[in-house]
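K.L.:
Need coordinates for the below:
(one chain, ligands or ions: 2)
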Amino acid sequence: MIRSALQTIAPDSAPSEAVSPDEHIAPAPRVSVQAFCETVETAAAIQAAGEDRRLGKAHLKVQMGGVTAATEAYRSAPTPNVIVLEAEGRAENILSGLDTLAETCDAGTRVIVVGRTNDVILYRELIRRGVSDYLIAPVGALDMVRSICGLFSAPDAKPVGRIVAVVGAKGGVGASTIAHNIAWAMARDLALDSVVTDLDLAFGTAGLDYNQDPPQGIADAVFSPDRIDNAFVDRLLSKCSDHLSLLAAPATLERAYDFSAEAFDGIFDALRATMPCIVLDVPHQWNGWTQRALVNADDILIVAAPDLANLRNAKNLFDFLRSARVNDHRPYYCLNQVGVPKRPEIKPADFAKALDEQPTAVIAFEPQLFGTAANNGQMIAELSASHRTAETFRLLSQLLTGRSDVKKSKGGLLTPLLAKLIKRQK
Ligand SMILES: Nc1ncnc2c1ncn2[C@@H]1O[C@H](COP(=O)(O)OP(=O)(O)O)[C@@H](O)[C@H]1O
Ligand SMILES: [Mg+2]
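P.N.:
Numbers count the residues shown, from 1 in each chain. Ligands and ions are numbered 1, 2, ... in the order given. As a prediction, the model looks like this:
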């Protein structure tokens with residue numbers, strides 16, 4: 001029974017616009033953006049871009065009327081940080097419109113033009129006039145997000161890491177265990193520098209699971225926001241293996257761990273600047289900062305056990321995160337601790353129906369294996385590299401890092417499906 005449930009199935013489809021696993025669009029700062037459109041399609045795309053999490057801090061206003069309306073508007077009003085102009089007409093008209101606008105434009109305002117003409121001469125003329133970007137209509141919301149955010153991210157801040165947030169639909173469902181095993185596989189099997197950030201400050205088990213007892217970790221960072229820079233965060237990491245580091249939780253109770261929603265932003269940014277893979281072990285809590293950690297992650301894995309409360313919570317998490325992240329890949333979810341003897345369980349198919357998405361993995365309840373691993377401070381693959389659960393963690397690590405070299409693994413049924421999924425995601 002369990003064996004047949006142990007297959008990993010590809011979710012239906014990713015939103016066509018979702019960012020590819022290799023791309024990270026850094027969120028825009030608190031800038032003002034005003035758009036002057038000529039078509040409702042472009043206006044709708046820009047409006048939708050404004051709903052994207054990466055433009056959450058920006059102030060966006062969309063109106064119609066193109067270059068003419070913009071020129072009119074800024075005759076008396078100061079210009080914003082960014083003006084987006086849709087210019088439907090011919091190249092000469094676009095350029096002369098821009099020249100008129102330039103007379104009223106404050107220095108420092110950046111201009112993005114959306115046009116229909118795919119013409120290199122026009123493009124050169126626009127660049128010569130200081131236009132920051134030229135997009136060819138029709139544009140999607142994500143094109144606009146990419147373009148606006150691109151204005152504010154330094155070109156050399158390129159090799160940023162991806163954040164994968166792992167959270168349980170209930171406490172005790174194995175979210176931390178899975179997060180630690182996946183990060184270990186990223187480091188060991190994919191040779192990617194990875195860091196596990198244990199966000200369960202009071203009770204986190206990452207230190208125990210990796211058999212580490214570092215003197216410092218995440219608490220030093222979150223309680224000294226002024227000191228955070230790449231070098232400081234680097235010093236707080238403890239090395240678990242060649243490619244794996246840990247930002248450990250103190251797991252002590254002297255302090256209370258109440259944080260503002262933005263408390264971890266600086267740490268995550270610093271990690272992103274230096275680490276290719278960041279796995280967040282997010283505790284099963286719902287407050288400003290856990291919500292924010294999930295919403296702003298590049299990918300999310302929800303772990304659920306097969307019972308009704310997990311089903312309800314997973315669905316709520318799934319729906320919340322999907323609507324907060326319309327231009328991102330949907331969260332993945334996996335079922336864990338499946339097949340506890342004599343326990344009535346909700347089937348993967350019922351989860352799939354309720355969530356309108358297949359589970360990415362179904363992991364069996366194996367108390368002997370997981371219990372030994374937890375008590376020894378070892379990973380599943382260290383106890384039994386060929387165990388099917390170790391293989392599942394390897395495949396999940398590939399999926400969550402967008403690696404497509406799944407061929408090398410001997411995943412049987414899992415392999416082709418995951419390969420397909422990864423391809424589709426690109
Ligand atoms: N598939 C599994 N089979 C048996 N035990 C498991 C399995 N997954 C996790 N566990 C055990 O469940 C307990 C809770 O896991 P943990 O990762 O701390 O959960 P969470 O982070 O969701 O609270 C741990 O003792 C862990 O070893
Ligand atoms: Mg946990």
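
K.L.:
Stretch 314-329 vs ligand 1: in contact?
P.N.:
No: figure legend: stretch 314-329 not in contact with ligand 1 (C-beta under 6 Å from any ligand atom); closest approach 12.4 Å. C-betas here are computed from N, CA, C, even on glycine.

K.L.:
Now do that stretch: everything it contacts.
P.N.:
For stretch 314-329, the external contacting residues (C-beta atoms under 8 Å, 6 or more residues apart in numbering) are 14-15, 17-19, 48, 51-53, 141-142, 145, 167, 169, 294-295, 298-300, 302, 304, 330-331, 333, 351, 354-355, 357, 425.

K.L.:
7 Å instead?
P.N.:
Outside of stretch 314-329, the residues within contact range by C-beta atoms under 7 Å, 6 or more residues apart in numbering are 14-15, 17-19, 51-53, 141-142, 145, 169, 294-295, 299-300, 302, 304, 330-331, 333, 354-355, 425.

K.L.:
Let's see which of those end up in strands.
P.N.:
The strands, defined by DSSP state E, take in 299, 300, 302, 304, 333 from the contacts of stretch 314-329.

K.L.:
So in terms of bridging, what pairs with the first one?
P.N.:
Going back to what we said before, that points to residue 299. Per DSSP bridges, the residues bridged to residue 299 are residue 164.

K.L.:
can I assume it is in contact with residue 401?
P.N.:
No: using C-beta atoms under 7 Å, residue 299 makes no contact with residue 401, being 9.0 Å away.

K.L.:
Comparing the two, which residue is more hemmed in?
P.N.:
Legend: neighbour count by other C-beta atoms under 10 Å for residue 299 and residue 401, higher for residue 401 (23 against 20).

K.L.:
looking at it, the more buried one is touching residue 190, isn't it?
P.N.:
Yes: with contacts counted by C-beta under 7 Å, residue 401 reaches residue 190, the gap being 6.1 Å.

K.L.:
can you redo the ones in strands among the contacts of stretch 314-329 as TSV with distance to ligand 1 and pLDDT?
P.N.:
Rendered in TSV, the data for those read as follows (distance: C-beta to the nearest ligand atom, whole Å; pLDDT from 0 to 100):
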residue	distance to ligand 1	pLDDT
299	18	95
300	14	98
302	11	98
304	10	98
333	13	97
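
K.L.:
Neighbour-wise, give me the winner out of these.
P.N.:
Within those, neighbour counts (other C-beta under 10 Å) peak at residue 304, which reaches 31 neighbours.

K.L.:
Roughly how far does that residue sit from residue 313?
P.N.:
Note on residue 304: its distance to residue 313, by C-beta to C-beta, to the nearest Å, is 7 Å.

K.L.:
shared neighbours of those two, anything?
P.N.:
residue 169.

K.L.:
Would you point out the most distant pair within the ones in strands among the contacts of stretch 314-329?
P.N.:
Distance extremes for the ones in strands among the contacts of stretch 314-329: the farthest pair is 299 and 304 at 16.5 Å, using C-beta to C-beta.

K.L.:
so who does the spatially most central residue of the chain touch?
P.N.:
With distances taken as C-alpha atoms, centre = their mean, residue 298 lies nearest the centre of the chain, 1.1 Å away. Applying C-beta under 7 Å, 6+ apart to residue 298 gives the contacts 24, 162, 163, 164.

K.L.:
now swap in residue 97 and tell me
P.N.:
Contacts for residue 97 were tallied using C-beta under 7 Å, 6+ apart; they are 67, 87.
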